[in-house]
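> Structure of the sequence below:
(chains A, B and C)
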Amino acid sequence: MAIEPNSMTTAVLAPSKPPIDWSNSIKESAIAALVMLLIAIPIFAIKTDQAMNNVLSLETRWGLVATLCGLVFASRLFAHVVLWNRAPGAKPVQLIPDSVTAALGKISPVFGPLALGFAIIFPFVVYIEQGNGALKWVNNYGIQILIYVMLGWGLNIVVGLAGLLDLGYVAFYAIGAYTYALLSTSEPIQLWMAAHIGEGFWQAWAFWFCLPVAGVLAAFWGIILGFPVLRLRGDYLAIVTLAFGEIIYLVALNWVDFTGGGAGITSIPRVTFFGIPFTPGDDGFAARFGIDPSPVLRSIFLYFLILGLCLLTAFVTVRLRRLPVGRAWEALREDEIACRSLGINTTNTKLTAFAIGAMFGGFAGAFFSVRQGFVSPDSFKFLESATILAIVVLGGMGSLVGVVLASIAIVGGTELLRELDFLKQVFGDDFDPTQYRMLLVGLAMVLMMLWKPRGLISTREPSVFLKERKAVSGSLVKEGHG
Amino acid sequence: MSETMLQVRDVKTYYGSICALKGVSIDVNQGEIVTLIGSNGAGKSTLMMTICGSPRAREGSITFMGTDISRMPTHQIMRLGLAQSPEGRRVFPRMSVFENLQMGSEITDGTMFDQDLERIFEMFPRLKERRDQRAGTLSGGEQQMLAIGRALMMRPKLLMLDEPSLGLAPLIVKQIFDAIRELNKRDGLTVFLVEQNAFHALKLAHRAYVMVNGEIRMSGSGAELLANPDVRAAYLEGGGH
Amino acid sequence: MRWLNDPVLTVEHLTMRFGGLTAVNDLSFQAGRGDITALIGPNGAGKTTVFNCITGFYKPTEGMLTLRQKSGPQFLLERMPDFQINWKAKVARTFQNIRLFQGMTLLENLMVAQHNGLMIASGFTFGGLVGLPSFRAKEKAALATAKDWLERVGLIDRADEPAGGLAYGEQRRLEIARAMCTGPELLCLDEPAAGLNPKESAELNALLRGIRKELGTSILLIEHDMSVVMEISDHVVVLDYGTKISDGTATEVKTDPRVVAAYLGVPDEEVEAVEMEVAR
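The predicted model follows:
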C-alpha cells in the first residue's frame, strides 16, 4: 500500500532564480513611465512666470519631465529585475540582513538601560563639549524628541494597547498646555496667592501645582469625549476624535476673551527649580548652587524634567500592562466580543485607556507651555496629532522602544535636515534643504513602512509567563478595530 | 484515470521560518474526486492555499492543466478554472446571498448564470429562502453553503473544498456529499477535497492522500484507505501522533 | 427529568426578530442543573441566536430567560448587559468561529478571563500600581487556576505561546478553558466539536464529562456532531425554523420522526455499520 506518486523521481526544483522576463519588465516599466508622463504634463511641464513688466509668460520644462519619466522607468525596471525577480515563495529581499535584525533583537533587553544612561549623560556631555552652544542640542534635539516620546507613549496606551484609533490626541496636549498657561497667568489666583502665602509665590510654584491639574483636566476631558463616542468603532471613532481635536483647536482660536485667540497667551511663568528661578541674579539657581550662570542651565533642567515625565509614563505603562486593566486593554484590541463574554465591562475599559492616555498628553502639554513661555492654537493643529500617530505606528503598535526609535527618526530626522547645508554644494545655492524636510520625512516613512509594515518593533512581549517570556510574532497581534 | 489535471511536486511552504509543507507531491486527475485527510494542523489547508498561490511555495512546482501556476498571481490561477471554498467561509458579509453568488460568476461569460443559480438553489434550498439577506447575517452553516455555492458559480474545472461539512447539520452534510458525487458523475467535475470528516470523504473519493505533519504519509483509492488499519488508526488517533 | 424539577436555565416564550425575519419564535425549554443539554437543529434554525440571547449579545424581542444559581439567587438574563451576565449570573460561552485573543499567550488568555476578580483585588488598579500584597496573593491564585485549566486541556507545555499559533482543535480546547476560568454555573458551547477529528471529539467528550462531574457545571451546547450529542447529552432540544420540534432524552429525540425528517436524514445503515466498525 502506501503508494507514493511514482513521478516523485522527477527533478526536484531547487529554489533557483527564474530567467528574467525582459520584454515584460520593459513593457511594465514603460507603462509606469507613461503614467508619470501623464501626471507630469499638467503639474511640471508648464509653469507660469511673471516677467518684469507683470506679464505672465509660459515656461516649459520638458527636461524635468523627461528626467522624472526616466527615473520612474529606471526604478521600475530595477524593481522588476532585482527586487521582484526571485524564486516563488523565497524570502523577500531584505534591505537589512538577518544578522543585523537578530543582533538588534539581542540588544533589545539592554536597550532600555543603555538608552536611559545615554539620555542622562547626553546634556552634560554637550554642555562640557560646547558650552552655550549646547543650547541647540539640548533644546532642539533632546527636549523636542523627549516631548514626542512622551506623547507617543501616551497615545500608545490608546492606540497601541487598547486598539482605539485616536486622531485627535493633540486636543489633550492643548488642554494641558492651556491649563498651565491660563492658571499661571490668572490674575485672581496671583492676587489671592500674594495675599495669603506670599509675593511671588505663584510665579515660582505655579508649574508644580498646575502639572497635576493639567493631567487631571485632560483625563477628565478624555472621559467626556469617551462617553458618547466609545460605542463607535474603527473609522467612525477616528472621525469623531479628529473632530474633537479640531473643536479644541477652534475654541482656542476663537474664544478670544478666554484663550487670547490667535495671539495666544504670553509671559507664562518660566520653570523654577522647585521655587528657585533660573535667573542670573543673586537668588537664581546658578548663584545659589555656585555654578557659572548660563542660559543652558534652564534647558538642561527642562530636559531632565521631561525625561522624568517620560520615565513616569513608561513606568506606569509597563506596570499597567501587567495589571488586569492593561491586560483587558490588550484583550479589547484582540477581540471585543470575547471580552464582553468574559464579563469585562468594555465601556469602562475603553474609558480608562482614553483617560490615562489623555492624562499623559495633559502632562506633556503643561511641560510644553512652561518650556515655550507662550502658547497659541498654532501648536495644536491636526498635523501634530498625525505626527504623534505616525510615531506610534512607525514604532510598532504597543512597543515602548519602538516609539523612542520612531521619535528619534521622525523628530530628530526633521531637525537634522536643517543641518544639511552641504547639500547646497551639490544642488547649488538656491537649494534650501529645509524646504524639502517634510517631503523627505514623508518619503522615509513610506520606505520604512514598506520595509517593516508593522512598525520597527512588531513583536509583542507577553505580560505574564510561566516558564519563559517568548515574544509574540507581530503577525498574530491584532491592530484593533477602534 | 485519464490525464493529470493538477500536479503538485515536492512543494515546500514556510510560514516565516516554520516549515508547514515539507515536500508534498500529489496528483489530481481529470474527472476524479481526490480527498486529503489528516489531523488538525497537519498542513491540509496550507496545501490548498499554496495551490491557490497564497502563501507561495518556496520550493517545488505546481502545474494545473499543463500551466505552471506556482508563480502566478492568485486571481490569474482562479481564471484558469480553479475554484475554492476556503477555510472559514469568507463570504462577503455586506453583500446579499444573491450578490455573493453573482461575484462567483464574475469570471464566467454569464450565459449559464440562471441555470447555475437554479442548480445551487436546488442544492441548498435554504439559500433560496435567504436570497436577498445579507450574507453576514446568515448562520454559520448557511454561510458554508454559500461559500460552496459561490465556488460552483465559477464553473470551475477543478473544485477545491476545504472542510465543506464544517458546521453543517448531518442531513446537509449528506446532501453536500451527494451533490459532489452527482456533479462529478454528471458533469465530470474534478474535485479536490480536504476533510476532517474522513469517513464520508473516503467513501466519496476515488483516491485519497493522508497527510501527517506536512508530509504525505500514504495514498491509495478511497476504499483501500478506508479498509487500511493504519489509516483507521491514524484517522481515529488524529494523524498518528 | 431533572430539567423540569431543578432547572438552571428556564427559557420562556423567547422570540427574536430581526426586522421582518423571525429567527426564534416562541421558544420555551429548560436546562437542568448539572445536565449536559444539547441544542440541535438544521442550519439557520436559530440555535446561535438563542445563545446570543442567553449571553446578552442580543436583547430578545419577547420572552423571559431565568437563570437560577445553586446558592439561590435568580437572574433575569434579558434585562442584564452582556458583561454582567458573565460576571453576576455566571454564564460563560464559547463561539462558533473561535474568538481567542490570538496575539496573547495561552496563559494571558486565561488571566483575562479572571479579569473582574483581579480588578477588585487590585483596588481598581490603584492598589495594583503600588503592589498591594493582597493583590499579589490574588494574582498568584489566578495563575494557579489558569495553570490548572491548561493542564486539564493538555496545553500546559504551550502556556507561553501565542493562542493564534495553536491548531484548530487546540484552540477549541483553550476557548473552553478560558470560559471555565470565569467560574460559570452554566457553560454555553457553540459547536465545540466542529472541525475536530473523531479522536479529538472523543477527548472533548471526556473533558466535558469531567467538567460536569468534578465541578457540577451545567452545560448547554450546540452541536452537529451526533457522536458528541448522543454520547454525552442528558437532554436534547431540537429547533427548526426557530421553533421547538422535539425535546427529550437523546434516545427519544433520535427516533422522533420529525427530527429524522428535518435534521438527521434517513438513517444510512451502511454508514452506521462502518462507523460502528471503525469506532470499535
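> Look at the residue of the stretch 101-250 of chain A found nearest chain C and report its pLDDT.
Closest approach of the stretch 101-250 of chain A to chain C (Cβ to the nearest Cβ) occurs at A:Gly163, with a separation of 10.4 Å. Heads up, the C-betas are built off the backbone N, CA and C, glycines and all. A:Gly163 carries a pLDDT value of 87.
> Just to be sure, it is in a helix?
No: with DSSP: H, G, I helix; E, B strand; the rest coil as the criterion, A:Gly163 is coil rather than part of a helix.
> what ranges of the stretch 351-482 of chain A fall below the confidence cut-off?
Along the stretch 351-482 of chain A, the parts satisfying pLDDT under 70 run over A:420-431, A:433-434, A:480-482.
> and it, which residues reach chain B?
A:Ser473, A:Ser475 (Cβ under 8 Å from any Cβ of the partner chain).
> In the stretch 351-482 of chain A, what residue spans correspond to strands?
For the stretch 351-482 of chain A, applying DSSP state E, counting those that start in this stretch gives no strands.
> Up against chain C, what does it have?
Checking the stretch 351-482 of chain A against chain C by Cβ under 8 Å from any Cβ, the hits are A:352, A:460, A:462-470, A:472-473, A:476-478.
> Now list the buried members of the residues you listed.
Neighbour-count burial (16 or more other Cβ atoms under 10 Å in any protein chain shown) applied to these gives A:Thr352, A:Arg460, A:Pro462, A:Ser463, A:Val464, A:Leu466, A:Val472, A:Ser473, A:Leu476, A:Val477, A:Lys478.
> Which of the residues you listed fall within helices?
Members of these lying in helices (criterion: DSSP state H): A:Thr352.
> send the alpha carbons of stretch B:73-92 over as PDB?
Provided in PDB are the C-alpha atoms of stretch B:73-92 (Å, rounded to 0.1, in the frame of the first residue of the first chain):
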ATOM      1  CA  PRO B  73      -1.000  35.700  -9.000                       C
ATOM      2  CA  THR B  74      -3.900  34.100  -7.300                       C
ATOM      3  CA  HIS B  75      -6.600  35.900  -9.400                       C
ATOM      4  CA  GLN B  76      -5.000  34.500 -12.600                       C
ATOM      5  CA  ILE B  77      -4.900  31.000 -11.200                       C
ATOM      6  CA  MET B  78      -8.600  31.200 -10.500                       C
ATOM      7  CA  ARG B  79      -9.300  32.300 -14.000                       C
ATOM      8  CA  LEU B  80      -7.700  29.100 -15.300                       C
ATOM      9  CA  GLY B  81     -10.700  27.200 -13.900                       C
ATOM     10  CA  LEU B  82      -9.900  26.500 -10.300                       C
ATOM     11  CA  ALA B  83     -12.400  27.400  -7.600                       C
ATOM     12  CA  GLN B  84     -12.100  27.200  -3.900                       C
ATOM     13  CA  SER B  85     -14.400  27.200  -1.000                       C
ATOM     14  CA  PRO B  86     -11.900  28.300   1.600                       C
ATOM     15  CA  GLU B  87     -11.500  27.600   5.300                       C
ATOM     16  CA  GLY B  88     -13.500  30.000   7.400                       C
ATOM     17  CA  ARG B  89     -16.100  30.500   4.600                       C
ATOM     18  CA  ARG B  90     -15.000  34.000   3.700                       C
ATOM     19  CA  VAL B  91     -18.300  35.100   2.200                       C
ATOM     20  CA  PHE B  92     -18.800  38.900   1.500                       C
END
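> so does it get close to chain C?
Yes: Stretch B:73-92 lies within reach of chain C by Cβ under 8 Å from any Cβ, at B:Gly88.
> in that stretch, what counts as buried?
B:Thr74, B:Ile77, B:Met78, B:Gly81, B:Leu82, B:Ala83, B:Gln84, B:Ser85, B:Pro86, B:Glu87, B:Arg89, B:Val91.
> okay if I get those as CSV plus distance to A:Tyr148, secondary structure and pLDDT?
Compiled in CSV, the buried residues of stretch B:73-92 are given as follows (distance: Cβ to Cβ, whole Å; DSSP: H, G, I helix; E, B strand; the rest coil; pLDDT from 0 to 100):
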residue, distance to A:Tyr148, secondary structure, pLDDT
B:Thr74, 41, helix, 88
B:Ile77, 46, helix, 89
B:Met78, 46, helix, 89
B:Gly81, 54, coil, 89
B:Leu82, 50, strand, 90
B:Ala83, 51, strand, 90
B:Gln84, 47, strand, 89
B:Ser85, 49, strand, 87
B:Pro86, 43, coil, 83
B:Glu87, 43, coil, 78
B:Arg89, 44, coil, 78
B:Val91, 44, coil, 90
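> The residue in the stretch 151-280 of chain C that chain B sits nearest to - how many residues pack around it?
Of all residues in the stretch 151-280 of chain C, C:Ala167 sits closest to chain B, at 3.0 Å by Cβ to the nearest Cβ. By the criterion of other Cβ atoms under 10 Å in any protein chain shown, C:Ala167 has 14 neighbours.
> I'd say it and B:Gly38 touch.
No: counting by Cβ atoms under 8 Å, C:Ala167 stays clear of B:Gly38, with 11.1 Å between them.
> these two touch, right, A:Leu56 and A:Gln50?
Yes: under the criterion of Cβ under 8 Å, A:Leu56 makes contact with A:Gln50 at 6.0 Å.
> Let me see the contact set for the residue in the stretch 251-400 of chain A positioned nearest to chain B.
Proximity of the stretch 251-400 of chain A to chain B (Cβ to the nearest Cβ) peaks at A:Ile337, 13.9 Å away. By Cβ atoms under 8 Å, 6 or more residues apart in numbering or on different chains, the contact set of A:Ile337 is C:Phe57, C:Phe95, C:Arg99.
> which secondary structure element contains the residue nearest the centre of chain C?
Note on chain C: the residue nearest the mean C-alpha position is C:Cys188, at 2.0 Å, using Cα atoms, centre = their mean. Using DSSP states H and E, C:Cys188 maps to strand C:186-190.
> which stretches of the chain have low pLDDT?
This is for chain A. Ranges of chain A meeting pLDDT under 70: A:1-19, A:83-109, A:420-431, A:433-434, A:480-482.
> wait, I meant chain B there
B:1-2, B:234-241.
> any idea where the strands of it begin and end?
B:4-15, B:18-29, B:33-38, B:59-64, B:67-68, B:82-85, B:158-162, B:190-195, B:207-212, B:215-221 (DSSP state E).
> just to revisit the earlier point, and the residue of the stretch 101-250 of chain A closest to chain C, how many residues sit next to it?
Residues near A:Gly163, counting by other Cβ under 10 Å: 27.
> and if you look at C:Thr255?
12.
> Tell me the confidence at it?
For C:Thr255, the predicted pLDDT is 84.
> Could you do the one 4 residues further on as well?
With respect to pLDDT, C:Val259 scores 83.
> Got the domain ranges for the chain?
Reading this off chain A. Domains of chain A are assigned by automatic domain parsing as A:21-47+A:59-80, A:98-419.
> Not quite, go with chain C.
Split by automatic domain parsing, chain C gives C:2-100+C:184-279, C:102-165.
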